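Q: heads up, no residue letters with this:
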């Protein structure tokens, strides 16, 4: 009984986390981002939920003697490192805003109080001056290609002129400066000031470990599949191969038809997103090499998640691709928005989808998923999360990812 409870505790905690995150996205849409951050994402009980999940996962890894499977062990440890980085960011990072007119210099930035208002200031270990702001346009002369601020940064070591624009941040003494907004008369800029001495580095280390472990697990699983196929071939070597003519082709096609239809449906979903992004000129923040890699990886994962309803063997690569797409998006967000995770509704629902689809991969702890019937019932329910992530967020919740339209 105790073993049963310990093996199911991570699932119970995941369910609570999924519900909390989903509710928070609704609260954010109704009451604002600061309300969701204060009452859910930044609340002590939400942090405790993640801590309990990490501890429950560690205990289960010990009970399962996971060190005997080093690739799987590293995979789970990478998530613990990512959570540790998130905790470091939560405890040690600072973020604020600076508004400068051309010719102005300052050494302080505004930070939000408990009510979400910019009423307090913090001092920076350098001076920041705005020399000039300008908008760069495409060849048509009307479509903005980039928003560029030419600034002067002064430290004890000297002065340095640099440009800060979308997807091109300024860095000085552990602080990062991001182009966030500008004045209507083009005579001033708004910058985001971010200071995260530990969290980002730890989280990036977790992303690297995650990439290595996913490749390692995939290679091991591939080798295992090859061995199984060779064993099956040897066992059936005395049997005659089925005919692939006439009725044989028809039976093969009928058996694969549902999978083909699901694949077509997944491709249609992916095409919708590509068309939505490309039908109008890209805003400056989307003009990044991350766009193709991030969106392409996410789209491929969505297609495979749809196919996994009938073809369970593609579930693991689908989840791995989704995880890859999420952390690529996190790196891009850190470059463009000043934080690798902001609990934007699209980010939150992508995380929900990752958590939900990861559950069936743990069939040893959750034998209920050993039944193909149970797995497909769960997959259909999980598909609702995928639809919410793909369509529902755009139409119902909005957020920073709505800029693509």
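A: All right, it came through fine. Note that the structure is predicted; figures quoted are calculated from it, not measured.
Q: going by C-alpha atoms from here, please, whenever you check contacts or count neighbours.
A: Fine.
Q: what's the burial count for residue 312?
A: Residue 312 is surrounded by 17 other residues when neighbours are defined as other Cα atoms under 10 Å.
Q: ditto for residue 42
A: Other residues near residue 42 come to 14 when the count uses other Cα under 10 Å.
Q: one more: residue 31?
A: Per other Cα under 10 Å, the neighbour tally for residue 31 reads 11.
Q: the one 4 residues further on too?
A: Neighbours of residue 35 under the rule other Cα under 10 Å: 19.
Q: from residue 129, how far off is the closest residue to it other than its chain neighbours?
A: Excluding its sequence neighbours, the residue lying closest to residue 35 (Cα to Cα, 6 or more residues apart in numbering) is residue 28, at 6.5 Å. Using Cα to Cα, to the nearest Å, one gets 35 Å for the distance from residue 28 to residue 129.
Q: repeat that for residue 288.
A: Applying Cα to Cα, the value for residue 288 to residue 129 is 26 Å.
Q: neighbour count for those two, which is higher?
A: Set side by side, residue 288 and residue 129 give different neighbour counts by other Cα under 10 Å, the larger being at residue 129 (19 against 14).
Q: and the host helix or strand of residue 176, how far out from the chain middle?
A: Using DSSP states H and E, residue 176 sits in strand 175-182. For strand 175-182, the gap between its own C-alpha mean and the chain's C-alpha mean amounts to 22 Å (Cα atoms, centre = their mean, to the nearest Å).
Q: partner strands of it and their direction?
A: Strands adjacent to strand 175-182 in the sheet, as given by DSSP bridges, are strand 170-172 (antiparallel), strand 188-195 (antiparallel).
Q: and that strand, what's buried?
A: 175-180, 182 (16 or more other Cα atoms under 10 Å).
Q: in the sheet, who's paired with residue 128?
A: Beta-bridge partners recorded for residue 128 (DSSP bridges): residue 106, residue 153.
Q: ok, now how distant is it from residue 147?
A: According to Cα to Cα, residue 128 and residue 147 sit 18 Å apart.
Q: thinking again about what came up before, least reliable of the strands paired with strand 175-182 going by mean pLDDT?
A: The stretch with the lowest average pLDDT out of the strands paired with strand 175-182 is strand 170-172, scoring a mean of 89.
Q: how much space separates residue 325 from residue 294?
A: Applying Cα to Cα, the value for residue 325 to residue 294 is 5 Å.
Q: what does residue 384 give?
A: Taking Cα to Cα as the measure, residue 384 falls 22 Å from residue 294.
Q: same question for residue 117.
A: Relative to residue 294, residue 117 is positioned 33 Å away (criterion: Cα to Cα).
Q: strands of the stretch 201-350 of the chain, start to end?
A: Counting by DSSP state E, counting those that start in this stretch, no segments of the stretch 201-350 of the chain form strands.
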